[in-house]
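Trainee: Take a look and give me a structure for this.
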Amino acid sequence: MKKQLRFGKVGYNGQDPKLGITYAVKAGAEKGDIVSPTATPGQVERAVAEQPFEGELVTLEKDGYGAVHRGNVTIARRTGEIPTGFQNLATDGTGGVKVAADAASSTRCRVIGTDADSVAFYIIS
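Mentor: As a prediction, the model looks like this:
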């Protein structure tokens with residue numbers, strides 16, 4: 001079974017991008033809004049001007065969680081520290097990923113979170 005990373009009530013384990021990726025939604029965001037990441041891993045909010053965004057909030061449940069239409073979440077082994085947010089990732093030579101030393105030889109990703117040995121991310125197209 002593939003590893004799952006959890007942040008609060010949200011678990012990431014290769015979610016289907018057609019249905020959206022589940023996030024905790026900060027008060028004030030509404031269904032249909034374009035949302036941005038907050039400083040809290042696994043949480044989004046209504047985007048302010050000139051801010052990178054996650055995608056469109058396609059569902060918003062009464063419990064404060066919603067689905068954001070985006071890419072498929074991948075869980076991979078990591079080498080070194082990988083901060084959350086938009087990162088350039090590269091292979092680490094052992095089947096995992098690391099922060100890229102050179103943007104030209106990397107893949108732009110949105111890192112959702114990390115634990116002691118893994119990272120949850122999706123590729124930005």
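Trainee: Now do the strands in this structure.
Mentor: Secondary structure of the chain, counting by DSSP state E: strands at 5-7, 10-12, 21-25, 34-37, 43-46, 55-60, 65-69, 74-77, 85-91, 97-99, 107-114, 118-123.
Trainee: low-confidence ranges in the protein?
Mentor: Applying pLDDT under 70 to the chain flags residues 1-2, 7, 12-19, 50, 71, 125.
Trainee: how many other residues sit next to Gly42?
Mentor: Applying other Cβ atoms under 10 Å, we find 23 residues neighbouring Gly42. From N, CA and C alone the C-beta is placed, and that goes for glycine too.
Trainee: typo on my end, Leu57
Mentor: 24.
Trainee: Surely it and Gly28 touch.
Mentor: No. Leu57 lies out of contact with Gly28 (Cβ atoms under 8 Å); the separation is 11.2 Å.
Trainee: residues contacting Val48?
Mentor: Applying Cβ atoms under 8 Å, 6 or more residues apart in numbering to Val48 gives the contacts Ser36.
Trainee: Name the nearest residue to Ala47, ignoring sequence neighbours.
Mentor: Using Cβ to Cβ, 6 or more residues apart in numbering and skipping residues adjacent in sequence, the residue nearest Ala47 is Ser36, 4.0 Å away.
Trainee: tell me, what residue is most central in the chain?
Mentor: Ile112 (3.1 Å; Cα atoms, centre = their mean).
Trainee: you'd agree that residue is up against Phe86?
Mentor: No. Ile112 is beyond contact range of Phe86, at 11.1 Å (criterion: Cβ under 8 Å).
Trainee: Need the winner for burial among the strands of the chain.
Mentor: strand 21-25 (a mean of 24; mean count of other Cβ atoms under 10 Å).
Trainee: got the angle between that one and strand 118-123?
Mentor: Comparing the axes of strand 21-25 and strand 118-123 via axes from the mean of the first three to the mean of the last three Cα atoms, to 10 degrees yields an angle of 100 degrees.
Trainee: Surely Phe86 touches Cys109?
Mentor: Yes. Between Phe86 and Cys109 a contact is recorded at 7.4 Å, counting by Cβ under 8 Å.
Trainee: if I look at these two, which residues touch both of them?
Mentor: Ile124.
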